[in-house]
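> Sequence and predicted model, in that order:
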Amino acid sequence: MDRLDLVPGKRRFGWEMPNRLDRILGLEKEEIHWSGNPIVRTPSSSAGTPHLVPSIVEEWPPRRVGTHSTGVRFLCALWLGFQIRKGWAWSVFQPRAASNVVRRKTKAMAMTQRIARGATKIARAVVDGVEGNEGSRGILAGILKRGLAAEAGDLKKTVLHDFHVEHGAKMVPFAGWSMPIQYKDSIMESTQWCRSNASLFDVAHMCGLSLKGKDAIAFLEKLVVGDVKSLKPGTGTLSVFTNENGGIIDDSVITKVNDDHIYLVVNAGCREKDLAHIEKHLKAFQTQGGDVDMHVHDERSLLALQGPEAANILQKYVKEDLGSMYFSDFKMIDVDGAPCWVTRTGYTGEDGFELSIPDENTLQIAKAFLSSDKVRLTGLGARDSLRLEAGLCLYGNDLEEHISPVEAGLTWTIGKSRREKCDFLGGETIKKHLTEGVPQRRVGLVTEKGAPPRSHAQIALADGTVVGEVTSGAFSPNLKKNVAMGYVEKAYAKAGTKLAVLVRGKSNDAVVTKMPFVPAKYYKP
């Protein structure tokens with residue numbers, strides 16, 4: 001769809017702004033200065049008329065909160081864009097009255113003002129609870145950055161959507177879904193709670209699927225780098241899908257239910273891409289006589305119970321002894337009487353479980369878990385800070401199609417029995433990386449002073465020579481310091497190497513640090 005370009009400059013939204021995005025969305029005291037009045041044309045005014053609509057936010061490194069909120073005005077404009085797509089037709093929208101046209105007391109302007117007031121309430125609700133907290137704002141920004149691609153009217157809702165709203169969740173668009181980013185407690189508090197108690201996450205936006213048939217393993221091993229064949233039934237592992245160039249299409253937790261059934265969970269933001277990729281190769285494999293079929297589990301939801309109290313909470317609702325179920329183990333068991341697929345895994349670095357649950361039983365199980373005062377509902381904001389503290393990658397930030405698993409520090413996901421042949425997509429490139437090395441490496445960084453480094457911040461030497469780039473960064477609620485990960489030239493990837501991160505024009509000292517930043521607490525024998 002066409003978009004209305006307001007001013008020349010680098011595109012970051014469906015409309016373009018002359019100011020740097022980090023200034024606008026940093027909620028600073030500076031006003032937005034427009035080079036012209038943005039005019040919103042009605043959908044019916046003429047064929048091919050461009051519309052003011054939002055697209056994916058490519059970067060959002062927030063700063064401090066000022067006395068008046070230009071970021072709120074931006075969200076008002078975003079909200080108005082949603083309404084225009086729904087068919088509403090207003091003639092003019094201007095964040096600040098700067099022209100005679102805007103000052104006219106027309107019906108269109110009066111309606112626009114009412115929209116702005118309503119949108120301001122929505123926007124303030126989004127930022128409420130994170131103002132004044134640099135770390136939480138950064139985490140919130142990172143989530144919104146990846147989630148603003150969908151229109152309000154087109155968002156999918158999980159089975160627990162209304163339940164989240166009833167419990168005070170702040171809902172935001174994320175990968176085409178309306179998802180809770182936080183609840184009544186702050187993101188900082190939620191992150192700390194998970195490290196000492198138990199947190200319940202609704203992750204039903206992620207895509208679960210099964211491959212079934214006597215050739216399911218043979219088929220999957222053509223697409224992923226893991227040694228699926230050698231897995232014991234009822235166990236799983238992290239692996240990655242690769243493209244023809246050895247880059248990462250997506251990362252996935254792969255579970256071998258049995259020799260004829262493989263269960264996978266892929267990222268919500270990669271769902272369409274992943275399914276198209278699998279289906280393309282599946283058709284070719286089936287044409288050659290391969291016995292395998294795929295089923296996407298849209299009839300099931302996914303909950304994650306994470307934290308040191310997770311096992312104690314879940315044990316109350318199952319007959320099986322969870323003490324004999326270790327990290328990455330999988331079982332089909334009844335939870336509170338409902339047939340569930342339970343994997344001892346998670347995305348926080350804590351002990352925990354992910355439960356694939358029939359949609360009709362999801363609310364029942366969520367309420368059962370939350371009956372304990374040790375469990376709290378937790379949103380995507382805390383989930384993001386928890387995974388960063390645990391040194392876990394986020395696809396789209398730390399993993400992308402031009403990065404190989406060797407560069408990403410995920411060599412361990414490549415099965416040892418497969419490294420000789422590398423008979424998967426992109427295997428020739430990956431084998432070369434294994435034998436000859438790579439030019440860059442993913443590393444952890446810790447900065448003691450200054451603002452937290454954000455995605456795309458430059459990593460440099462003391463003399464200013466740029467040697468890498470940050471991919472994820474935030475203030476760690478548990479360590480009380482700034483942590484980040486990014487890619488640097490191989491020569492500077494050794495732990496203890498002193499570097500600098502350029503944040504807002506300032507050079508902040510950083511030290512390459514081994515990950516995870518917070519020790520992992522996976523339950524292992």
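Nice, thanks for sending it over. Numbering: from 1, shown residues only.

> list the contacts for D260?
If you count contacts by C-beta atoms under 8 Å, 6 or more residues apart in numbering, D260 has them with K212, G213, K214, A216. (Each C-beta comes from the backbone N, C-alpha and C, glycine too.)

> For these, name the two members farthest from one another.
Based on C-beta to C-beta, the longest span within those runs between K212 and K214 and measures 9.2 Å.

> quick one: the strands in the stretch 101-250 of the chain?
Counting by DSSP state E, counting those that start in this stretch, the stretch 101-250 of the chain forms strands over residues 156-157, 170-174, 177-182, 198-202, 207-212, 235-242, 248-258, given from the N-terminal end onward.

> Can you tell me which of these is nearest to K374?
For the strands of the stretch 101-250 of the chain, distance to K374 was read as C-beta to C-beta. The smallest value, 5.3 Å, belongs to strand 198-202.

> just checking, what packs against that closest one?
strand 300-306, helix 359-370, strand 375-377 (3 or more C-beta pairs under 8 Å, 6 or more residues apart in numbering; DSSP states H and E).

> low-scoring stretches of the chain, by residue?
Low-confidence regions of the chain, defined here as pLDDT under 70, cover residues 1-153.

> Helices along that one, start to end?
21-25, 70-85, 100-103, 107-127, 134-147, 161-166, 187-196, 216-220, 271-287, 310-315, 359-370, 380-389, 427-436 (DSSP state H).

> how deep is G337 tucked in, by neighbour count?
Applying other C-beta atoms under 10 Å, we find 11 residues neighbouring G337.

> Tell me how far it lies from Q192.
Shown here: G337 relative to Q192, a distance of 33 Å by C-beta to C-beta, to the nearest Å.

> Surely H261 is in contact with L211?
Yes - using C-beta atoms under 8 Å, H261 makes contact with L211 at a distance of 7.5 Å.

> Neighbour count: those two, which is higher?
With other C-beta under 10 Å as the criterion, H261 and L211 differ in neighbour count, and L211 comes out ahead with 23 against 15.

> Between the two ends of stretch 282-294, how far is it?
The first residue of stretch 282-294 is 8 Å away from its last residue (C-alpha to C-alpha, to the nearest Å).

> still on that earlier bit, spit out the residues that contact K212 and K214 alike.
For the pair K212 and K214, residues contacting each of them under the criterion C-beta under 8 Å, 6+ apart are D260, V292.

> more neighbours, those two?
Per other C-beta under 10 Å, whichever of K212 and K214 has more neighbours is K212, with 17 against 11.

> Would you confirm that the more buried one contacts D293?
Yes - contact criterion C-beta under 8 Å: K212 and D293 qualify, at 5.6 Å.

> residues contacting D398?
Residues near D398 by C-beta under 8 Å, 6+ apart: A408, R442, T471, S472, M485.

> Check P439 too.
For P439, the set of contacting residues under the criterion of C-beta under 8 Å, 6+ apart consists of E407, E489, K490.

> Show the buried residues in those.
Among the contacts of P439, those classed as buried by 16 or more other C-beta atoms under 10 Å are E407.

> For the contacts of P439, give me TSV that also has distance to V172.
TSV is the format used below for the contacts of P439 (distance: C-beta to C-beta, whole Å):
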residue	distance to V172
E407	31
E489	36
K490	38
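
> Look up which residues are beta-bridged to Y395.
Counting by DSSP bridges, Y395 is bridged to L399.

> wait, isn't it in contact with D250?
Yes - with contacts defined as C-beta under 8 Å, Y395 counts as touching D250 at a distance of 5.8 Å.

> Pretty sure D384 sits against C393.
No - at 11.9 Å, D384 and C393 do not qualify as touching, with contact defined as C-beta under 8 Å.

> number of nearby residues for K480?
8.

> so what's the backbone phi/psi at it?
Note on K480: backbone dihedrals following degrees, to the nearest 10 are phi 60, psi 40.

> Next, find the distance separating it from S196.
Using C-beta to C-beta, one obtains 15 Å as the distance from K480 to S196.

> can you list contacts of stretch 360-374?
By C-beta under 8 Å, 6+ apart, the list of residues contacting stretch 360-374 from outside reads 159-160, 163, 197-198, 200, 202, 204, 301, 303, 305, 309, 312-314, 317, 335-336, 338-340, 355, 357, 375-377.

> can we see that at 6 Å?
For stretch 360-374, contacts defined as C-beta atoms under 6 Å, 6 or more residues apart in numbering pick out 159, 197-198, 200, 301, 309, 313, 317, 335-336, 338, 357, 375.

> Show me which of these is closest to T235.
Out of the contacts of stretch 360-374, the member with the shortest distance to T235 (by C-beta to C-beta) is V335, at 19.6 Å.

> can you tell me which residues contact the closest one?
Going by C-beta under 6 Å, 6+ apart, V335 touches Y317, V318, I365.

> can I get these in TSV with neighbour count and distance to K184?
As requested, the contacts of V335 are exported to TSV (neighbours: other C-beta atoms under 10 Å; distance: C-beta to C-beta, whole Å):
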residue	neighbour count	distance to K184
Y317	16	25
V318	17	30
I365	23	22
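
> Let me have those in JSON lines, extended by distance to P525.
Formatted as JSON lines, the entries for the contacts of V335 read as follows, by distance: C-beta to C-beta, whole Å:
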{"residue": "Y317", "distance to P525": "24"}
{"residue": "V318", "distance to P525": "20"}
{"residue": "I365", "distance to P525": "27"}
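
> Between the strands of the stretch 101-250 of the chain, which one is closest to D351.
With respect to D351, and counting by C-beta to C-beta, the nearest of the strands of the stretch 101-250 of the chain is strand 198-202 at 9.6 Å.

> And that closest one, how far out from the chain middle?
The chain centroid and the centroid of strand 198-202 are separated by 16 Å, computed with C-alpha atoms, centre = their mean, to the nearest Å.

> Name every strand pairing with it and say which way it goes.
Each strand pairing with strand 198-202, determined using DSSP bridges, is listed with its direction: strand 300-306 (antiparallel), strand 375-377 (parallel).

> Burial-wise, tell me which of those strands comes out on top.
Greatest average neighbour count among the strands paired with strand 198-202 goes to strand 300-306 (a mean of 24), per mean count of other C-beta atoms under 10 Å.

> Put the alpha carbons of that one into PDB.
Listed in PDB are the C-alpha atoms of strand 300-306, where the atom choice follows Å, rounded to 0.1, in the frame of the first residue of the first chain:
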ATOM      1  CA  ARG A 300      -3.600 -25.100  21.300                       C
ATOM      2  CA  SER A 301      -2.200 -22.300  23.500                       C
ATOM      3  CA  LEU A 302       1.200 -22.000  25.100                       C
ATOM      4  CA  LEU A 303       1.900 -20.900  28.600                       C
ATOM      5  CA  ALA A 304       5.300 -20.600  30.300                       C
ATOM      6  CA  LEU A 305       5.700 -21.000  34.000                       C
ATOM      7  CA  GLN A 306       9.200 -19.800  35.000                       C
END
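
> now it: how far from the chain's centre is it?
Once both centres are worked out by C-alpha atoms, centre = their mean, strand 300-306 turns out to sit 16 Å from its chain's centre.

> re the thing from before, Throw the contacts of stretch 360-374 into JSON lines and include distance to E436, thanks.
Listed next are the contacts of stretch 360-374 as JSON lines, based on distance: C-beta to C-beta, whole Å:
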{"residue": "V159", "distance to E436": "49"}
{"residue": "N197", "distance to E436": "47"}
{"residue": "A198", "distance to E436": "45"}
{"residue": "L200", "distance to E436": "46"}
{"residue": "S301", "distance to E436": "45"}
{"residue": "E309", "distance to E436": "47"}
{"residue": "I313", "distance to E436": "48"}
{"residue": "Y317", "distance to E436": "51"}
{"residue": "V335", "distance to E436": "48"}
{"residue": "D336", "distance to E436": "53"}
{"residue": "A338", "distance to E436": "51"}
{"residue": "I357", "distance to E436": "46"}
{"residue": "V375", "distance to E436": "49"}
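
> Which of those sits closest to A462?
When the contacts of stretch 360-374 are compared for distance to A462 (C-beta to C-beta), N197 wins out at 42.6 Å.
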